[in-house]
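In: Got a sequence here, can you build the structure:
(chains A and B)
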Number of protein chains: 2
Amino acid sequence: MTKINLDRYRGLRRVVDDTWINIHPIQRGGVLPPESREALISFGDGYSTCDLCIEGRVDLVKTPPILDFAGDVAKFLNMDEVRFTPGARGAKQAVFKSIAESGDTIVIDSLAHYTTYIAAEVNGLKIVEVPHGGYPEFRIKTEDYVAKIEEVRRKTGELPAAVLLTHVDYRYGNLADAADVGKIAGEYGVPYVLNAAYSAGVMPVDGKKLGVDFLICSGHKSWGASGPVGILATTYEFSGKTFRTSAIKGPWSGRAFLKKDVYLFGCPPVFGAPVATLMASFPHVVERVKHWDEEVEKIRWLVNELERIKDFHQLGERPRQHTLVTFETPSFHKVAKKHSRKGFFLYEELKKKKIAGVHAGMTKMIKLNSYGLTKEQLQKVADAFQDIARAYEVEVE
Amino acid sequence: MTKINLDRYRGLRRVVDDTWINIHPIQRGGVLPPESREALISFGDGYSTCDLCIEGRVDLVKTPPILDFAGDVAKFLNMDEVRFTPGARGAKQAVFKSIAESGDTIVIDSLAHYTTYIAAEVNGLKIVEVPHGGYPEFRIKTEDYVAKIEEVRRKTGELPAAVLLTHVDYRYGNLADAADVGKIAGEYGVPYVLNAAYSAGVMPVDGKKLGVDFLICSGHKSWGASGPVGILATTYEFSGKTFRTSAIKGPWSGRAFLKKDVYLFGCPPVFGAPVATLMASFPHVVERVKHWDEEVEKIRWLVNELERIKDFHQLGERPRQHTLVTFETPSFHKVAKKHSRKGFFLYEELKKKKIAGVHAGMTKMIKLNSYGLTKEQLQKVADAFQDIARAYEVEVE
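Out: Numbering: from 1, shown residues only, chains lettered A, B, ... in the order given. Next up, the predicted model:
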């Protein structure tokens, strides 16, 4: 074996620890509450949730109470049946795989996460995109789902296999009108997939009220879980097909696996820390979604503070309905062009102030997420950006 | 929302902690070494490894050194390219999906893990099984791969899309002759998949020496990692196809995702604790595989001790080549039949002695794994079984 330098793996630590303020756009909803850190340590070993697995599937384990938990998550989301998946992307793969059996085209919003496109590609589904309204708000025109469904029908002679909407998109943090798409999908009788990776777990989401057939959530993105772990919730109408169990039989051995979910790797790979932390964070999550309005208020305040800096313009819908936000920041981009560290100057200035999460090297646009940060922390973030602006002679109003 | 009893999720702890001796067949190789527990805590939050993600894929992250790590794991396994996957099952899905493009039948061993069957089912692959020799050794007849490849060719006019061997099976812990199958696959020019979930990470595995085209490993099963995380290693010959990147394009938006691995969810869901602990455990793993002979010696000793109990017969190959072992135990099954707690008596007796991991309710056969336990701990295990035997008037020699 070629000599390997093992020293670089010793004493492995994350630089961004609790002494930092982290505004990383994809990380705020996945911060573990203290009780979940305890569970993480307790259930850290590989198959730690499988000590008393009788049925051979992680969602059916009774100790710890994963079976109860699956039911409770279904209630919380107002859906009928739940499975845990290797991330929201794993849920998307399972849904797309199952719907690919009943059609070859899917209508999606044009702000969908890349895993939506990849799930279509890997399952051989053609995509039709619902446009957004472009600069500066980039709102998805939900009413256009009608035109796109009609377009698919005209071209293929069939309705699309499903429509998918990204509830809150990862680029602008816009909150799309999920109920409107639910109404349209319902009228056409087309299965409706809602990607709630940035919404469920931080804000209230009621699947049936929104007319959703498949609700996809992300534990590590929005449920304070160590992941990767996702949630796939569906209705009784679709659960039989999507959660269909294995029918294969060993031709020589006769072996069969009648309990195993075919589209979820048999027993979905979420045992151990992922599902344990998802469970441990659940009481915290149930409580925190009630305080979503306070989070929205804080981000609106922060947007106001940051827009006091010359040429900082918030993109996406106004006023903010979500804590994930993008700014175009041409004034900082001008600074970067002349700076010896180019676009990295901002990242490094923030680092000095122990603020993490702004994409290193990026100054044309800045994306951040304020979720779960206190007003005091956000004041520090606002001060930091304003101080950096002044230091580089960018006007602050 | 229906009222949910949240109290059952508070203070969530695993019962089996460090004060127990755990002989669970699937858990021994996934116990985190202390340095990895530290990394687990540090990288516990959802996307903790993505603080400095420039390329948009977890295996390309440089801080922490995941990119280096992928290269080092490839060297360690003597393969060319590596990706991390949602468990060994995730690796299997990716391989089967990619090979399903070049054939419709796969030859597998009849002791394969259920996820092998499920991966075939979900990807529409027909399976042909290589028999084992039955009771009591259940050895896979690796030479029969020839006959099965020929059978596929005769029936379909084509060679199988791949052959798969389970290096060490989960039922009897037999170590199959992987080099023999590598030779056969090489002669036919059929891609060779080796499922090393129970071997790589605990014992030395050299992919090229065994003639392997796809090597599949399990981090939480055998690399001391908090999971779920798997490893898919392949050769330059196959990496382009198996790790092919996305080609889909948004028809309206023009969006494309040229860096994303199609068969691995784009960016495989192993960020955060899974890949961090896999990395942190790597120096430990590189060292421990050198001491495999000591582990084999210990299990042989334990087998000998347990077979002193009347009607305890080790199943699978003799002598042991692996620490996972199954016994048929009709004497204990007789006790169970008369016992008020039926098959649970054994589980409960062991629990009193703080020994965990024997399947609750099972007394006809007992499966356990001694990996990483000290001689003193194994002495306690042997004593416990012998004491329980005597307590129920089962003879001990």
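In: May I see the buried residues of the helix or strand harbouring A:Ile231?
Out: Using DSSP states H and E, the element containing A:Ile231 is strand A:230-234. Buried residues in strand A:230-234, defined by neighbour count with 16 or more other Cβ atoms under 10 Å in any protein chain shown: A:230-234. Every C-beta, even on glycine, is put in place using the N, C-alpha and C of the backbone.
In: List just the nearest of those residues to chain B.
Out: When the buried residues of strand A:230-234 are compared for distance to chain B (Cβ to the nearest Cβ), A:Gly230 wins out at 7.9 Å.
In: Test my guess that the closest one contacts A:Arg83.
Out: No. Contact status for A:Gly230 versus A:Arg83: not in contact, 9.1 Å apart, counting by Cβ atoms under 8 Å.
In: For those two, list the residues in contact with both.
Out: By Cβ atoms under 8 Å, 6 or more residues apart in numbering or on different chains, A:Gly230 and A:Arg83 have these common neighbours: A:Ala91.
In: Can you pull the residues of the stretch 101-250 of chain A lying near chain B?
Out: For the stretch 101-250 of chain A, the contact set with chain B under Cβ under 8 Å from any Cβ of the partner chain comprises A:110, A:114-115, A:117-122, A:127-131, A:219-221, A:225-228, A:230, A:246-248, A:250.
In: What subset of the residues you listed is buried?
Out: A:110, A:114-115, A:117-122, A:127-131, A:219-221, A:225-228, A:230, A:246, A:248, A:250.
In: Can you list the residue ranges for helices in the stretch 51-200 of chain A?
Out: For the stretch 51-200 of chain A, the helices defined by DSSP state H, counting those that start in this stretch cover A:66-77, A:87-99, A:114-122, A:144-156, A:178-188.
In: Pick the most deeply packed of these.
Out: Burial of the helices of the stretch 51-200 of chain A is given as mean neighbour count (mean count of other Cβ atoms under 10 Å in any protein chain shown); helix A:87-99 ranks first at a mean of 27.
In: So what angle separates the directions of that one and strand A:230-234?
Out: With axes from the mean of the first three to the mean of the last three Cα atoms, to 10 degrees applied, the angle from helix A:87-99 to strand A:230-234 works out at 40 degrees.
In: just how off-centre is helix A:87-99 within its chain?
Out: Here helix A:87-99 is found 14 Å from its chain centre; the criterion is Cα atoms, centre = their mean, to the nearest Å.
In: likewise stretch A:177-190?
Out: Relative to its chain's centre, stretch A:177-190 lies at 22 Å (Cα atoms, centre = their mean).
In: Same check on stretch A:68-86?
Out: With Cα atoms, centre = their mean, you get 17 Å for stretch A:68-86.
In: same thing with stretch A:131-138?
Out: Counting by Cα atoms, centre = their mean, stretch A:131-138 comes out at 21 Å from the chain centroid.
In: And for stretch A:64-79?
Out: The answer for stretch A:64-79 is 19 Å, by Cα atoms, centre = their mean.
In: Secondary structure element holding the residue located most distally from the centre of chain A?
Out: Distance from the C-alpha centroid of chain A, by Cα atoms, centre = their mean, peaks at A:Trp252 (43.4 Å). According to DSSP H and E, A:Trp252 maps onto no helix or strand at all.
In: quick check: longest helix of chain A.
Out: helix A:375-391 (DSSP state H).
In: And the contacts of that one?
Out: Contacts for helix A:375-391 (Cβ under 8 Å, 6+ apart): A:21, A:23, A:298, A:301-302, A:305-306, A:308-310, A:331-332, A:346, A:349-350, A:353, A:355, A:368, A:370, A:373, A:395-396.
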